[in-house]
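Visitor: give me a model of this one.
(one chain, ligands or ions: 2)
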Amino acid sequence: MEPKTKAVQTFDYKTNVWVDWCPGCGDYGILTALQKALSDLQLKPWEVAIVSGIGCSGKTPHFIYANGIHTLHGRAIPFATGIKLANPDLTVIVDGGDGDLLGIGADHFVALGRRNLDITVIIHDNQVYGLTKGQASPTLPSGVKTKALPKPNLQDAVNPIALALASGYTFVARGYAMDVQHLTWLIKEAIKHPGSAVIDVLQPCVTYNDVYTTQWYRQHVYKLEESGNWDPIVRDPSERDEKLAKALIKAREWGERVPIGIFYKDETRPTLEDKIKTRIPSYRSRPPARTAIDVDGKPIITSKDLRTIFSRYLVGVKPRPNNKQNREVNT
Ligand SMILES: Cc1ncc(C[n+]2csc(CCOP(=O)(O)OP(=O)(O)O)c2C)c(N)n1
Ligand code: SF4
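Guide: Ligands and ions are numbered 1, 2, ... in the order given. Next up is the predicted model:
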């Protein structure tokens with residue numbers, strides 16, 4: 001029998017773990033937008049998996065009451081890929097830093113776009129390595145000197161939007177951490193989109209980035225959808241080249257005006273799951289996570305055995321204790 005459920009609220013996605021980001025950090029806006037997006041979509045916590053790497057941003061899964069994996073630096077996407085392929089029914093979200101996803105993890109970032117697997121990637125783009133004390137990350141423009149750098153940055157920046165477009169992501173967007181309402185909308189659109197989706201989130205690091213600050217973004221950010229007849233959607237494959245070219249031009253806009261919103265959305269390219277189904281027709285009805293691994297008809301490992309093996313790595317994250325009524329999603 002299906003459990004009787006009641007509406008999921010943002011509160012259901014909060015945990016009792018102390019959020020230890022610096023006061024004023026843009027990460028708070030991303031956390032709130034993600035929790036709100038998940039509850040607005042009425043996803044149950046057990047239907048969601050959030051995977052992070054290492055960094056200030058990497059702590060996010062501890063603060064969200066859902067399946068969460070805080071994994072190795074730069075390895076969130078391979079973990080998420082395994083989870084999604086094993087259980088395509090889960091909503092899988094990668095949440096990581098610009099250093100994590102576009103530095104050490106850049107090859108995996110490209111691979112996800114090539115595959116068009118149905119995963120949403122959220123980049124905390126603060127242009128620095130926050131957790132390791134403010135070194136330049138791959139998104140810091142050259143010539144810029146933030147607080148912890150002795151001299152201006154010598155290296156050119158990678159452009160996350162252009163890289164995502166070139167890699168094949170079929171949903172490419174940019175948000176701003178301090179505009180929670182707009183970011184919530186973007187995250188919902190990304191989750192609903194079938195295929196690899198990325199949102200590059202401009203995230204002020206109030207401790208180490210004294211150039212791209214909240215004040216700076218407030219003056220320069222504008223919304224694509226409010227700027228005339230912007231239409232990023234590919235509804236027919238013949239529109240692809242033209243829409244990609246337009247998105248690339250917008251991706252290069254940085255300085256006086258910084259666009260946020262949806263740069264590109266291709267509704268026509270098949271996902272990796274669609275392609276797998278053409279070879280394994282039972283893939284969606286009997287995905288690997290629900291298929292026993294057996295030898296001569298006998299399972300070699302049960303889910304109980306697996307839990308025993310992994311139990312020492314599990315961190316007990318509980319829903320926030322006060323307001324018991326709200327958190328009883330499953331009544
Ligand atoms: C293999 C490996 N290399 C280096 C580190 C050290 N390290 C920890 S976090 C981090 C960078 C974090 O920056 P970013 O991904 O931008 O996240 P933020 O802290 O800014 O959210 C680095 C280099 C590590 N933990 N593992
Ligand atoms: S160091 Fe920067 S990114 Fe990390 S918590 Fe503090 S303000 Fe946020």
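Visitor: when you work out contacts or count neighbours from here on, use the C-alpha atoms and nothing else.
Guide: Noted.
Visitor: neighbours of Gly143, just the number please.
Guide: Residues near Gly143, counting by other Cα atoms under 10 Å, number 12.
Visitor: show me the contacts for it.
Guide: By Cα atoms under 8 Å, 6 or more residues apart in numbering, the contact set of Gly143 is 152-154.
Visitor: buried among these? Need that as a selection in ChimeraX.
Guide: Buried residues among the contacts of Gly143 (16 or more other Cα atoms under 10 Å), as a ChimeraX selection:
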select :153
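Visitor: want to throw the contacts of Gly143 into CSV with distance to Phe310 and pLDDT?
Guide: Compiled in CSV, the contacts of Gly143 are given as follows (distance: Cα to Cα, whole Å; pLDDT from 0 to 100):
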residue, distance to Phe310, pLDDT
Pro152, 45, 98
Asn153, 43, 98
Leu154, 44, 97
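Visitor: now do the phi/psi pair for the residue of the chain positioned farthest from its centre.
Guide: Distance to the chain centre peaks in the chain at Asp296, reaching 40.8 Å (criterion: Cα atoms, centre = their mean). With angles defined as degrees, to the nearest 10, Asp296 sits at phi 50, psi 40.
Visitor: same deal with Leu85?
Guide: Given degrees, to the nearest 10, the pair of backbone angles that Leu85 has is phi -70, psi -40.
Visitor: got the end-to-end distance for stretch 68-81?
Guide: With Cα to Cα, to the nearest Å as the measure, stretch 68-81 spans 14 Å from end to end.
Visitor: run through who's touching it.
Guide: Contacts of stretch 68-81 with the rest of the structure, by Cα under 8 Å, 6+ apart, involve 49-55, 58-59, 61-62, 92-96, 99-101, 103-106, 108-109, 112, 117, 119.
Visitor: same check on stretch 304-320?
Guide: For stretch 304-320, contacts defined as Cα under 8 Å, 6+ apart pick out 11-17, 62, 65, 327.
Visitor: what about 6 Å?
Guide: Residues from elsewhere that reach stretch 304-320 (Cα atoms under 6 Å, 6 or more residues apart in numbering): 14-16, 65.
Visitor: now do stretch 209-228
Guide: The contact list for stretch 209-228, computed with Cα under 6 Å, 6+ apart, reads 146, 204, 256-261.
Visitor: between the residues you listed, which is closest to ligand 1?
Guide: Within the contacts of stretch 209-228, the smallest distance to ligand 1 is 9.8 Å, found for Pro204 (Cα to the nearest ligand atom).
Visitor: let me see the backbone angles for the closest one.
Guide: Here is the backbone geometry of Pro204 (degrees, to the nearest 10): phi -60, psi 130.
Visitor: briefly note if stretch 9-25 comes near ligand 2.
Guide: Yes: Stretch 9-25 lies within reach of ligand 2 by Cα under 6 Å from any ligand atom, at 21-22, 25.
Visitor: interface residues of the stretch 51-200 of the chain facing ligand 2?
Guide: Contact residues (Cα under 6 Å from any ligand atom) of the stretch 51-200 of the chain with ligand 2: 56, 130-131.
Visitor: rerun that using 5 Å as the cut-off
Guide: By Cα under 5 Å from any ligand atom, the residues of the stretch 51-200 of the chain that approach ligand 2 are 56, 130.
Visitor: need the residues of stretch 9-25 next to ligand 2 in CSV (columns: secondary structure and pLDDT).
Guide: Below are the residues of stretch 9-25 next to ligand 2 laid out as CSV (DSSP: H, G, I helix; E, B strand; the rest coil; pLDDT from 0 to 100):
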residue, secondary structure, pLDDT
Trp21, coil, 98
Cys22, coil, 98
Cys25, coil, 98
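Visitor: would a markdown table of these with distance to Ile161 and neighbour count be doable?
Guide: As requested, those are exported to a markdown table (distance: Cα to Cα, whole Å; neighbours: other Cα atoms under 10 Å):
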| residue | distance to Ile161 | neighbour count |
| --- | --- | --- |
| Trp21 | 26 | 15 |
| Cys22 | 27 | 13 |
| Cys25 | 23 | 19 |
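Visitor: and the residue of the stretch 201-331 of the chain nearest ligand 1?
Guide: Cys205 (7.7 Å).
Visitor: return the residues of this protein in contact with ligand 1.
Guide: Neighbours of ligand 1 within the chain, by Cα under 5 Å from any ligand atom: 54-57, 73, 97-100, 129-131.
Visitor: how about a cut-off of 6 Å?
Guide: 54-57, 73, 97-100, 128-132, 137.
Visitor: just the ones in strands from the residues you listed, please.
Guide: Judged by DSSP state E, strands contain the following of these: 97, 128-129.
Visitor: got a winner among these for most neighbours?
Guide: Gly97 (32 neighbours).
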